[in-house]
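Engineer: compute the structure for the input listed below.
(chains A and B)
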Number of protein chains: 2
Amino acid sequence: MLQVNENYLKLPGSYLFSDIAKKVAALKDARPDAKIIRLGIGDVTRPLPHACIEAMHKAVDEMGTAAGFRGYGPEQGYEFLRDAIVRGDFLSRKINVDADEIFVSDGAKSDCGNIGDILGVGNKVAVTDPVYPVYVDTNVMAGRAGDLGGDGRWGNLVYLPCTEANDFVPALPATPVDVVYLCYPNNPTGTTLSRDQLKVWVDYALKTGALILFDAAYEAYITESDVPHSIYELDGARECAIEFRSFSKTAGFTGTRCAYTVVPKSLVATTAGGEHVMLHKLWNRRQTTKFNGVPYIVQRAAEAVFTPEGQREVKENIASYLGNARTIREALLGCGLKVWGGVNSPYVWVKTPGKTTSWEFFDHLLGDLFLVGTPGAGFGPSGEGYFRLTGFGSPDQTKEACERFKKI
Amino acid sequence: MLQVNENYLKLPGSYLFSDIAKKVAALKDARPDAKIIRLGIGDVTRPLPHACIEAMHKAVDEMGTAAGFRGYGPEQGYEFLRDAIVRGDFLSRKINVDADEIFVSDGAKSDCGNIGDILGVGNKVAVTDPVYPVYVDTNVMAGRAGDLGGDGRWGNLVYLPCTEANDFVPALPATPVDVVYLCYPNNPTGTTLSRDQLKVWVDYALKTGALILFDAAYEAYITESDVPHSIYELDGARECAIEFRSFSKTAGFTGTRCAYTVVPKSLVATTAGGEHVMLHKLWNRRQTTKFNGVPYIVQRAAEAVFTPEGQREVKENIASYLGNARTIREALLGCGLKVWGGVNSPYVWVKTPGKTTSWEFFDHLLGDLFLVGTPGAGFGPSGEGYFRLTGFGSPDQTKEACERFKKI
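Structural biologist: Next comes the predicted model:
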């Protein structure tokens, strides 16, 4: 008789955004006149760059002709895109990554989730707290997280709190870990690690044999020179880190779906029997067996991101989101609140005033100011007492929201 | 220190198609004048239907405007596509499937591979033999297959031979199994199960509590009325089966990437603790956690497959591939060979003459007739002594190939 993967049954429902939606709907019922502004959104809103649109029209036309039609492509992505990525994202920064170390995929969420396939169930996993929930949930599913405690922490995960107390720089784990998820610029806090701060982690991983899973989905938002765009800017990272990148927040691809993962060929693990094995080989086997590549049309759109026109447009879009984030940041600082992020990130992380909880602050912003944000507690125990706002709205709405902040 | 998933190390390299490519390259070197015809290809060659091309151009334009832009869509697929699928693929055949039982994805290969996520590692798995290698390899990766024996069989898998001896109708397993993969019309043999033959499996699953994973990727090629298009045509299948469907072979989407999986809400498993759990709920959790949906543009293309124009074009393409398959089938029968498939399938499965092995037949066809096919042994032990040819080439090349068959 069929057995299910009972690890799934340990997962509590994922209620954060549905709870928010319910509260917003209730307010709309009670106050149909309320002009609600959403600053909780984690999704881009500006249209795709024209360079991508043009590239897709051209690729669509090709697919309609016998000569231009493309069937199955390489599971790892077309050479034209892998080459464009290497030139645009790595060589341009003098970072050493080869085209065949790039695995093009349909999303960083997929890759962050699926990467667990090639890792043993016995690995001890560390996550920063607050955290992007996918890292935690996928490890629960795989049986690496143990049981959920009353404190909101999974028994077998190691939590690395990131709060005002440590200026959002996670301390090295006190007990040994095998896998560490790092997301910088961070979702949800919008904070970053400097080159020296990230070096501490690379050195730790090299020393202990741990693997760093580095999520750089928000890399394009970096404005400060001391913040690394790729973990491979650090010496030794090619021996201890996998990096996830995405076109979603960079080029507005959240509904177009393209991302990539870098698995250096120099990244080697040792088996129980003492054999050395390249993670590149395992991930290649995973992707060729369980994935069939990204649509040709979408890969052409992603390639166009790296053209001069594409780069110009992408930078314009990001500047707009960053402008919104700065506006929010400054408005909140002006209210006397403590604020992080919003400089190298579309996310602004604010400390709720006094002893106000995340959800109390949510209720205040929604009920009194008609503003929607995301309670920090939704991202993990250490998110309690914080609140996330984002720069993905329109500039006009963002400015209007900031006027309302004055009444906090 | 990092542990890898050591099940991956058990997998032998995947050499079938690279071995074929090497042999073809060697012939090209030795005989640069040889006009090679490929009948081994498992990929479509005809351009996308105009209805899909038009729908994509329109969707691309939408993505370039503020009003039409789409960011994250529902992980399960847009309602417009799920509704079109229900109307086009199920209601039209009076099959009861609800739109929210449809999970749109980037491919049947992904879904067939990822479905293992929600199943316990202890399940006993049965596969037909010969078999689409993804079913086997993904179970090896998950640790359900045991070790590979000298006979080419994995110790913990149950093999259901499909050969001339049983007219390619798999017998019920002699020992209890929990999960059964059935692919009909079959890849690689091109054979089918009649409604009565499939009913035997549904009854077995209902009686034993096993789960049927039914791969209907070639459903659109069915020409005979007694062959079910969906396992849900059978009473009780909604209580024991998950069905995989794809636009790849139906509408030429191998490079455009869209498929779907049906998980009926009435499909319930019992946990070790005696709790009842809907597989729909588990798959929904898997997909929302590890997947972010199919590109909006691609979903619009898939929707267009169900328009009258789309249906007309799709049927024309399939008729062309089926015409090729029939041509191959008849030519081989004319040579006195035993042949299956090619009636409800683009695949033709031929018994090699006398004691010729699959690879000997391959070498003969390539070296003497400049024809490329796929040795049956590449699909499993019971594929030895058989050979796969496909109707995905052009009609002209297929006819020329059939002329050459006369020299077999």
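Engineer: going by C-alpha atoms from here, please, whenever you check contacts or count neighbours.
Structural biologist: OK.
Engineer: contacts for the worst-scoring helix or strand of chain A on mean pLDDT?
Structural biologist: In chain A, the helix or strand scored least confidently by mean pLDDT, DSSP states H and E is helix A:16-30, which has a mean of 92. The contact list for helix A:16-30 (Cα atoms under 8 Å, 6 or more residues apart in numbering or on different chains) reads A:34, A:366, A:367, A:372, A:374, A:378.
Engineer: OK, contacts around the second one?
Structural biologist: By Cα under 8 Å, 6+ apart, the contact set of residue A:366 is A:24, A:27, A:36, A:372.
Engineer: so it is in which element?
Structural biologist: Using DSSP states H and E, residue A:366 maps to helix A:358-369.
Engineer: what's the angle between that helix and helix A:16-30?
Structural biologist: 30 degrees (axes from the mean of the first three to the mean of the last three Cα atoms, to 10 degrees).
Engineer: near chain B, anything from stretch A:313-320?
Structural biologist: No. Stretch A:313-320 does not reach chain B (Cα under 8 Å from any Cα of the partner chain); its nearest approach is 12.0 Å.
Engineer: list the buried residues for that stretch?
Structural biologist: A:313, A:314, A:317, A:318, A:320 (16 or more other Cα atoms under 10 Å in any protein chain shown).
Engineer: count the residues that sit near the closest residue to the last one other than its chain neighbours.
Structural biologist: Excluding its sequence neighbours, the residue lying closest to residue A:320 (Cα to Cα, 6 or more residues apart in numbering or on different chains) is residue A:395, at 7.5 Å. When neighbours are defined as other Cα atoms under 10 Å in any protein chain shown, residue A:395 has 16 of them.
Engineer: elements contacting the one helix or strand residue A:60 maps to?
Structural biologist: Secondary-structure assignment from DSSP H and E places residue A:60 in helix A:50-63. Here helix A:50-63 touches helix A:296-304, helix A:308-334, helix B:50-63, going by 3 or more Cα pairs under 8 Å, 6 or more residues apart in numbering or on different chains; DSSP states H and E.
Engineer: picking up where we left off before, so after the helix holding residue A:366, what's the next helix or strand?
Structural biologist: strand A:371-372.
Engineer: show me the contact partners of that following strand.
Structural biologist: So strand A:371-372 is in contact with A:24, A:36, A:37, A:38, A:39, A:40, A:362, A:365, A:366, A:401, going by Cα under 8 Å, 6+ apart.
Engineer: rewinding a little: what separation do you get for the residue nearest to residue A:320 and residue A:40?
Structural biologist: 15 Å (Cα to Cα, to the nearest Å).
Engineer: for residue A:345, same thing?
Structural biologist: Distance from residue A:345 to residue A:40, by Cα to Cα: 14 Å.
Engineer: and these two? Which one has more around it.
Structural biologist: The residue with more neighbours, out of residue A:345 and residue A:40, is residue A:345; 30 against 21, by other Cα under 10 Å.
Engineer: tell me the secondary structure at the most centrally placed residue in chain A.
Structural biologist: Chain A has residue A:217 as the residue nearest its centroid, 4.6 Å off, counting by Cα atoms, centre = their mean. Counting by DSSP: H, G, I helix; E, B strand; the rest coil, the backbone at residue A:217 sits in coil.
Engineer: let me see the contact set for it.
Structural biologist: So residue A:217 contacts A:108, A:183, A:184, A:185, A:244, A:245, A:246, A:247, A:248, A:249, A:250 (Cα under 8 Å, 6+ apart).
Engineer: mind pulling up the pLDDT for it?
Structural biologist: For residue A:217, the model assigns a pLDDT of 97.
Engineer: touching, residue A:182 and residue A:126? I think so.
Structural biologist: No. Taking Cα atoms under 8 Å as the definition, residue A:182 is not a contact partner of residue A:126, at 9.0 Å.
Engineer: what about chain A, any weak spots by pLDDT?
Structural biologist: The model of chain A has no residue with pLDDT under 70.
Engineer: mind doing that once more with 80?
Structural biologist: A:14-15, A:41 (pLDDT under 80).
Engineer: residue ranges of the helices in it, please?
Structural biologist: Applying DSSP state H to chain A gives helices spanning A:7-10, A:16-30, A:50-63, A:79-85, A:108-114, A:133-142, A:195-208, A:248-251, A:279-290, A:296-304, A:308-334, A:358-369, A:395-405.
Engineer: out of these, nearest to residue B:52?
Structural biologist: helix A:50-63 (9.1 Å; Cα to Cα).
Engineer: orientation of that closest one relative to helix B:50-63 in degrees?
Structural biologist: 180 degrees.
Engineer: just the residues contacting helix A:50-63, thanks.
Structural biologist: Contacts for helix A:50-63 (Cα under 8 Å, 6+ apart): A:68-70, A:296-298, A:300-302, A:304-305, A:307, A:309-310, A:313, B:47-48, B:53, B:56-57, B:60-61, B:63-64.
Engineer: tell me how far that helix lies from the chain's centre.
Structural biologist: 27 Å (Cα atoms, centre = their mean, to the nearest Å).
Engineer: then stretch A:368-388?
Structural biologist: Counting by Cα atoms, centre = their mean, stretch A:368-388 comes out at 18 Å from the chain centroid.
Engineer: before we move on, what about stretch A:279-288?
Structural biologist: On Cα atoms, centre = their mean, the centre of stretch A:279-288 falls 22 Å from that of its chain.
Engineer: what does stretch A:67-81 give?
Structural biologist: For stretch A:67-81, the distance to the chain centre is 26 Å (Cα atoms, centre = their mean).
Engineer: ditto for stretch A:141-154
Structural biologist: With Cα atoms, centre = their mean, you get 21 Å for stretch A:141-154.
Engineer: got it, and stretch A:127-141?
Structural biologist: On Cα atoms, centre = their mean, the centre of stretch A:127-141 falls 12 Å from the chain's centre.
Engineer: and that stretch, end to end?
Structural biologist: So stretch A:127-141: terminal residues 15 Å apart, Cα to Cα.
Engineer: any chance of the contacts of helix A:16-30 in TSV, with distance to residue A:265 too?
Structural biologist: As requested, the contacts of helix A:16-30 are exported to TSV (distance: Cα to Cα, whole Å):
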residue	distance to residue A:265
A:34	55
A:366	50
A:367	53
A:372	44
A:374	39
A:378	37
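Engineer: and for residue A:407, nearest residue in space, chain neighbours not counted?
Structural biologist: Per Cα to Cα, 6+ apart, closest to residue A:407 is residue A:369, 7.6 Å.
Engineer: report the distance from stretch A:309-329 to the chain centre.
Structural biologist: 17 Å.
Engineer: just the CA coordinates for that stretch, please, in PDB.
Structural biologist: Taking Å, rounded to 0.1, in the frame of the first residue of the first chain, the C-alpha atoms of stretch A:309-329 are listed here in PDB:
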ATOM      1  CA  GLU A 309      19.800  48.400 -24.800                       C
ATOM      2  CA  GLY A 310      18.700  45.700 -22.400                       C
ATOM      3  CA  GLN A 311      21.200  46.800 -19.800                       C
ATOM      4  CA  ARG A 312      20.100  50.400 -20.100                       C
ATOM      5  CA  GLU A 313      16.400  49.500 -19.600                       C
ATOM      6  CA  VAL A 314      17.100  47.000 -16.700                       C
ATOM      7  CA  LYS A 315      19.100  49.700 -14.900                       C
ATOM      8  CA  GLU A 316      16.300  52.200 -15.400                       C
ATOM      9  CA  ASN A 317      13.800  49.800 -13.900                       C
ATOM     10  CA  ILE A 318      16.000  48.900 -10.900                       C
ATOM     11  CA  ALA A 319      16.700  52.600 -10.300                       C
ATOM     12  CA  SER A 320      13.000  53.200 -10.100                       C
ATOM     13  CA  TYR A 321      12.400  50.400  -7.600                       C
ATOM     14  CA  LEU A 322      15.500  51.500  -5.600                       C
ATOM     15  CA  GLY A 323      14.200  55.100  -5.700                       C
ATOM     16  CA  ASN A 324      10.900  53.900  -4.100                       C
ATOM     17  CA  ALA A 325      12.800  52.000  -1.500                       C
ATOM     18  CA  ARG A 326      14.900  55.000  -0.700                       C
ATOM     19  CA  THR A 327      11.800  57.200  -0.400                       C
ATOM     20  CA  ILE A 328      10.300  54.700   2.000                       C
ATOM     21  CA  ARG A 329      13.500  54.400   4.000                       C
END
